[in-house]
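In: test case, fold it:
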Amino acid sequence: MKENERLEILSTDDFLVINALFHEQKLSGNLHPRTKRLIDMGIIEHASRSKYVLARSLYEATGKSGIHTRLIGLDRETNKELIIKHLRKNGAKGTQLKELQQVLPSHSRRQIQLLLNELRNEGRIVLAGNTSRAKWHIAHG
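Out: Okay, here's the model as predicted:
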């Protein structure tokens, strides 16, 4: 072994983190301190504020990279394009927020509202109405 190489030893808690993530379970509070080291080692990834997943390379090694994509979710731009595509299909009749929740079921109402606001700020969509019956449309112009 070279002088600058060192053996990385995993603790029982490290294996508990890996096992929980493999089984798509949330981490208990006492395991959270182990995540930084496992991220640094390339074993897990930080997917969102409180979500961790096994590293893509581990899924790829087992021929299951699709699972990693499902767990991470689609990126922000892809989700925005799904919204645009759905609005285009609905055309002039428009689309209510509750219908967009069916398009992105893994997203909370608030997360979808944030995507919609981004699209509106980009000038790509407009909102007609201001109640729960309000409808989103593709911006023309």
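In: residue ranges for the strands of the chain, please.
Out: Along the chain, the segments classed as strands by DSSP state E run 44-48, 51-54, 125-128, 135-138.
In: mind listing the helices for the protein?
Out: Remark: helices assigned in the chain by DSSP state H are 12-22, 35-40, 56-61, 65-72, 76-90, 97-103, 109-121.
In: now do the buried residues in the second one.
Out: Spelled out, it's helix 35-40. By neighbour count, and taking 16 or more other C-beta atoms under 10 Å as the criterion, the buried residues in helix 35-40 are 35, 37-38. In this view, the C-beta of every residue, glycine as well, is placed from N, C-alpha and C.
In: okay, the nearest residue to residue 138 once chain neighbours are set aside: pLDDT?
Out: What sits nearest to residue 138 in space, not counting adjacent residues and going by C-beta to C-beta, 6 or more residues apart in numbering, is residue 87, at 5.2 Å. Residue 87 is assigned a pLDDT of 96 by the prediction.
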